[in-house]
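Enquirer: Sharing a model that was predicted from the sequence below.
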Amino acid sequence: MSGELISTLAGKVPQRAIRYLDQLPYFVTYQSTAVIDFGNTGDDAFLTITTPGTKRGKVMQVDLYAGAEEFAGTTDKAYIAIGTTDAGQEIAYTDDVADGALTPVSYVDGSGLNAGAAPIIAAGDLVYVCGMDATGTPTGQAFAAVSLLYFE
């Protein structure tokens, strides 16, 4: 069964196909519960995600929204890093947040969202989403959301 079959059926899933729904890929969006202050993050993880034990994953989108402070960087810019270690970026990372940006800002796969050295997340892995300030002193505050595609 494929996702195309579901869309062809206009969302009506035949009873005999329900047992295969768990095999379809799906998206999950994880949101920060507090505003992230990129000037004070110290490269700390603001989200820790435990992925499903039966599905692999890929980061498809990162959003910054409801900004409380305009972004600016003196010696470095703020960005988001996603990895299997705190402050790692081996899965994915965003481009730098532009000076003067006041959210919303979206980074999607291939446009502002860059694949790391190991972009496919293993099933049952622990993933850290970090607000990065590298060695500089950027400013900027916003909530963040990360959307992952899970598949077999």
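Expert: Happy to help now that I have it.
Enquirer: lowest-pLDDT helix or strand in the chain?
Expert: Least confident helix or strand, the chain: helix 3-8 with a mean of 53, by mean pLDDT, DSSP states H and E.
Enquirer: Tell me where the model's unsure across the protein.
Expert: Residues of the chain that meet the criterion pLDDT under 70 lie in 1-11, 41-43, 74-75, 103, 133-136.
Enquirer: just to revisit the earlier point, tell me the helix or strand right after the least confident helix or strand of the chain.
Expert: Counting by DSSP states H and E, the element after helix 3-8 in chain order, helix or strand, is strand 26-31.
Enquirer: Pretty sure residue 139 is one of the things residue 76 touches, is it not?
Expert: No - using CB atoms under 8 Å, residue 76 makes no contact with residue 139, being 11.3 Å away. Yep, even glycine has a C-beta here, placed from its N, CA and C like the rest.
Enquirer: Pick out whichever of those two has more residues nearby.
Expert: Between residue 76 and residue 139, counted using other CB atoms under 10 Å, residue 139 has the larger neighbour count: 17 against 14.
Enquirer: Go ahead and measure how far the top strand by length along the chain is from the middle of the chain.
Expert: Secondary structure of the chain per DSSP state E: the longest strand is strand 56-72. From the chain centre to the centre of strand 56-72 is a distance of 7 Å (CA atoms, centre = their mean, to the nearest Å).
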